[in-house]
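>>> Need a 3D model of the following:
(2 chains)
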2 protein chains.
Amino acid sequence: MKKLINQTDDILDEMLEGMVAAHPNEIKRLAETNVIVRSNAPIKGKVGLVSGGGSGHEPAHAGYVGHKLLDAAVCGEVFTSPTPDQVYEAIKAVDGGVGVLLIVKNYSGDVMNFDMAADMAKDEGIKVEQVIIRDDVAIANPEDRRGVAGTIFVHKIAGAAAESGKSLKDIAELAQKTADNVFSMGVSLSPSIVPASGKPGFELKEDEMEIGTGIHGEQGIERKTLKPADEIAEELVQNLLKHMDIKNSRIALMINGQGSTPLMELYIMNRKVSELLNEKQAEIKKTFVGEYMTSIEMAGCSVSILKLDDELEYFLH
Amino acid sequence: MKKLINQTDDILDEMLEGMVAAHPNEIKRLAETNVIVRSNAPIKGKVGLVSGGGSGHEPAHAGYVGHKLLDAAVCGEVFTSPTPDQVYEAIKAVDGGVGVLLIVKNYSGDVMNFDMAADMAKDEGIKVEQVIIRDDVAIANPEDRRGVAGTIFVHKIAGAAAESGKSLKDIAELAQKTADNVFSMGVSLSPSIVPASGKPGFELKEDEMEIGTGIHGEQGIERKTLKPADEIAEELVQNLLKHMDIKNSRIALMINGQGSTPLMELYIMNRKVSELLNEKQAEIKKTFVGEYMTSIEMAGCSVSILKLDDELEYFLH
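Next comes the predicted model:
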């Protein structure tokens, strides 16, 4: 395991210190927590947005704390849910008097701990709503789908809506609509290594890829011989389009790198994905190519498609 | 070699198609070239900025084509200088009547080919100035120093100055001042693989790192056992401060990922680098942490420090 780290126990703490050192005017760390909040939190009269989860997905989620995005991110240890008390501290820190929306990826630990924190905050009189993100179509049962890169669309749309002064109820509905309209699927070429274990999360042969792998290396749909980029793009798009009808629709697209895949390759993927979506007569209004939701140093990418309406498009821009 | 590509011969072409597909309103590709230009080029009355070099360093340089940045990027094959005729086409495409500045990293092929292109353009009556970037202090002789991540500061500062309407002479001087005041050094933990060869550019043992490696895997200063991040940060900063006096100075800092190093690790590096620079009583006015000048999927990072004055700070923001 080759990593630019010191002691594995200190990774989260030191990462957060390094983030705040990089952006001292924009963000701060809540004392004695692993919560990053906007420097000017709480913002009176503005709905607070809180997300979070295990670390190792940077820039998710602390990198999305800022103007027209999140008000706080609760950072668990690597690939480990944050505790309810830390989520609770985040909620309290960003409540500007008009309530807080929690944006939660669908993992049992995250859902449970954010829910407990929501209850604690409600007991204090804070209005709290939650939206659970389930965009990973590698899982057949919609209720069991994992939250992956599509979460970032929710951050961006809900963030812009909150900044514009919308109410908690309206933002929660908008976030839910975004979550309902975004679908993602990934492909992995190599595993990630959780620092505390020092071992790869799974094994792939030298010529293998895995379609549908989760952002913590959870098992995907199929493991097979590595194919050319265009064939992988076709397979991912075909899978996504089983879940959404994009013909004559406006969409937003994200080609997300999992951690160690060069931007060059993500653009090569985007070329084919865009072409396929154009063939389906979808109108791509906005494309994101880059590392938005990573899995430490996993190689591979995911494709997320968000079907837009006027409201979603307005707040995405 | 596991990469999300099709045929190795098509990589550059397909990458550029994928970039334009992602940002069709912002950039376009000049017909029958590997040149990316701003959609609205040439901008009448504005100095045009052209950079470029071998591909494999994405987002450098085509990712920096846009508002307050470059007007064109000339993209060679992976780790291969672009040809003079392509640079010449770029110059012609972005000349708004008041001249063009070429921002060139100090590699013999790049310097020669941009120089030939400049001569061709001057023969056509276009005013052309050049600035050569030599920020990599891993090379002892200043004239021989390679251009690495510090180049991005030149893009940003010259780009903002050009957008503000400054003259070619003023922008060339400002770019030169930036180049004179920026110093960089890197560390590599693993090599990159040029697709056409399919083989790693160099070999490192499982517990080794190399200090001072170039962005194409050129030999560094020393190969030794991997150290904790804090010790690596100290070594890089010590080397950089041999070349610059930052006491009581304002600086800008870049912690640049080489391609496959997680953002988490870059922040851990930033924590220590920032601390060391603060101890030297430097005032860090702006920090960039991320992948700005990569080396395909090389693991590791570089640290760049730019010493600021009022003018550089103004245009950096």
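>>> drop to CA atoms for contacts and neighbour counts, all remaining ones
Will do.
>>> What score does the residue in the stretch 51-200 of chain A positioned nearest to chain B have for pLDDT?
Nearest residue of the stretch 51-200 of chain A to chain B, counting by Cα to the nearest Cα: A:E58, 6.0 Å away. With respect to pLDDT, A:E58 has a value of 98.
>>> hang on, it in a helix?
No. Under the criterion used here (DSSP: H, G, I helix; E, B strand; the rest coil), A:E58 is coil, not part of a helix.
>>> Which residues are in contact with it?
By Cα atoms under 8 Å, 6 or more residues apart in numbering or on different chains, A:E58 lies in contact with A:Y292, A:M293, A:T294, A:S295, A:I296, B:P262, B:L263, B:M264.
>>> measure the fourth one to B:E291 for me?
It refers to A:S295. Applying Cα to Cα, to the nearest Å, the value for A:S295 to B:E291 is 16 Å.
>>> One more: the second one?
Taking Cα to Cα as the measure, A:M293 falls 15 Å from B:E291.
>>> Could you check which of the two has the larger neighbour count?
Neighbour comparison, A:M293 and B:E291: the larger count goes to B:E291, with 28 against 24 (by other Cα atoms under 10 Å in any protein chain shown).
>>> right, and that one touches B:N256 too?
Yes. Assessed by Cα atoms under 8 Å, B:E291 is found in contact with B:N256 at 5.2 Å.
>>> Show me which residues of the stretch 151-300 of chain A sit near chain B.
Residues of the stretch 151-300 of chain A lying near chain B by Cα under 8 Å from any Cα of the partner chain: A:189, A:206-207, A:226, A:228-230, A:259-272, A:274, A:286-289, A:296-297, A:300.
>>> So what's the residue count around A:K242?
By other Cα under 10 Å, neighbour count at A:K242 equals 9.
>>> same question, A:S51
Neighbours of A:S51 using other Cα under 10 Å come to 30.
>>> Please apply the same query to the one 5 residues further on.
Neighbour count of A:G56, defined by other Cα under 10 Å: 31.
>>> Would you confirm that it contacts A:I296?
Yes. Proximity of A:G56 to A:I296 meets the contact threshold set by Cα under 8 Å, at 5.0 Å.
>>> what residues are shared contacts of the two?
B:M264.
>>> Find the nearest non-adjacent residue to A:R145, please.
A:R134 (4.8 Å; Cα to Cα, 6 or more residues apart in numbering or on different chains).
>>> Check A:A196 too.
A:T8 (5.8 Å).
>>> same question, A:G198
That would be A:M1: by Cα to Cα, 6+ apart, it lies 5.9 Å from A:G198.
>>> Tally up the residues packed near that neighbour, please.
A:M1: 12 neighbours (other Cα under 10 Å).
>>> Then the one 3 residues further on?
Counted by other Cα under 10 Å, the residues lying close to A:L4 total 27.
>>> ok but it is inside a strand, no?
No. Counting by three-state DSSP, A:L4 is not part of a strand but coil.
>>> For the closest residue to it other than its chain neighbours, grab the count of nearby residues.
Closest residue to A:L4 apart from its sequence neighbours, by Cα to Cα, 6+ apart: B:A229 at 4.9 Å. For B:A229, the neighbour count with other Cα under 10 Å is 22.
>>> got the contact list for B:A229?
Contacts here follow Cα under 8 Å, 6+ apart; on that basis B:A229 touches A:L4, A:I5, A:N6, B:I268, B:M269.
>>> try 7 Å
Contact analysis of B:A229 by Cα atoms under 7 Å, 6 or more residues apart in numbering or on different chains lists A:L4, A:I5, A:N6, B:M269.
>>> Phi and psi next, for the third one.
For A:N6, the backbone dihedrals are phi -110, psi -110 (criterion: degrees, to the nearest 10).
>>> give me the number of residues near it?
There are 17 residues near A:N6, going by other Cα under 10 Å.
>>> cool, the last one as well?
Counted by other Cα under 10 Å, the residues lying close to B:M269 total 30.
>>> and it, what does it touch?
For B:M269, counting by Cα under 7 Å, 6+ apart, the contacting residues are B:A229, B:D230, B:A233.
>>> next one: the third one
Contacts of A:N6 were listed using Cα under 7 Å, 6+ apart, and they are B:P228, B:A229, B:D230.
>>> Return the distance of it relative to B:A233.
A:N6 is 11 Å from B:A233, by Cα to Cα.
>>> cool, the last one as well?
As judged by Cα to Cα, B:M269 and B:A233 stand 6 Å apart.
>>> what's the pLDDT at the residue nearest to A:G198?
87.
>>> Next one, pLDDT for A:H317 please.
The model's pLDDT for A:H317 equals 88.
>>> What segments of the stretch 151-300 of chain A are helices?
Here the stretch 151-300 of chain A has its helices, by DSSP state H, counting those that start in this stretch, at A:151-163, A:168-180, A:229-241, A:263-279.
>>> now those in TSV, with mean pLDDT?
Shown next, in TSV, are the helices of the stretch 151-300 of chain A (pLDDT from 0 to 100):
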stretch	mean pLDDT
helix A:151-163	98
helix A:168-180	98
helix A:229-241	98
helix A:263-279	98
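>>> Nearest to B:A31, out of the ones you listed?
With Cα to Cα as the criterion, B:A31 lies closest to helix A:263-279 of the helices of the stretch 151-300 of chain A, at 17.3 Å.
>>> Show me which residues of that closest one are buried.
For helix A:263-279, a neighbour-count test (16 or more other Cα atoms under 10 Å in any protein chain shown) marks A:263-277 as buried.
>>> now stretch A:20-28
So, applying 16+ other Cα under 10 Å, buried residues of stretch A:20-28: A:V20, A:A21, A:A22, A:H23, A:P24, A:I27, A:K28.
>>> with these in mind, which one is nearest to chain B?
Among those, and counting by Cα to the nearest Cα, the member closest to chain B is A:A22, at 5.2 Å.
>>> show me what contacts A:R223?
Per Cα under 7 Å, 6+ apart, neighbours of A:R223: A:E208, A:M209, A:E210, A:I211.
>>> quick revisit: which among the contacts of B:A229 gets closest to B:V194?
A:L4 (23.6 Å).
>>> residues contacting the closest one?
Taking Cα under 7 Å, 6+ apart, one finds B:P228, B:A229, B:E265 in contact with A:L4.
>>> go again using 10 Å as the cut-off
Taking Cα atoms under 10 Å, 6 or more residues apart in numbering or on different chains, we find A:L4 in contact with A:11, B:187, B:189, B:226-233, B:261-262, B:264-269, B:299-301.
>>> Give the rounded mean pLDDT of stretch A:109-117.
The model assigns stretch A:109-117 a mean pLDDT of 98.
>>> Could you pull out the buried residues of that stretch?
A:G109, A:D110, A:V111, A:M112, A:N113, A:F114, A:D115, A:M116, A:A117.
>>> which residues does the last one contact?
Pointing back at A:A117 there. Residues in contact with A:A117 (Cα under 10 Å, 6+ apart) are A:83-91, A:102, A:111, A:123, A:128.
>>> any shared contact partners between A:N6 and B:A233?
With Cα under 10 Å, 6+ apart as the test, A:N6 and B:A233 both reach B:K227, B:I268, B:M269.
>>> want to throw these into CSV with distance to A:Y64?
What follows is the shared contacts of A:N6 and B:A233, written out as CSV (distance: Cα to Cα, whole Å):
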residue, distance to A:Y64
B:K227, 31
B:I268, 18
B:M269, 20
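>>> Fine by me, we can end here.
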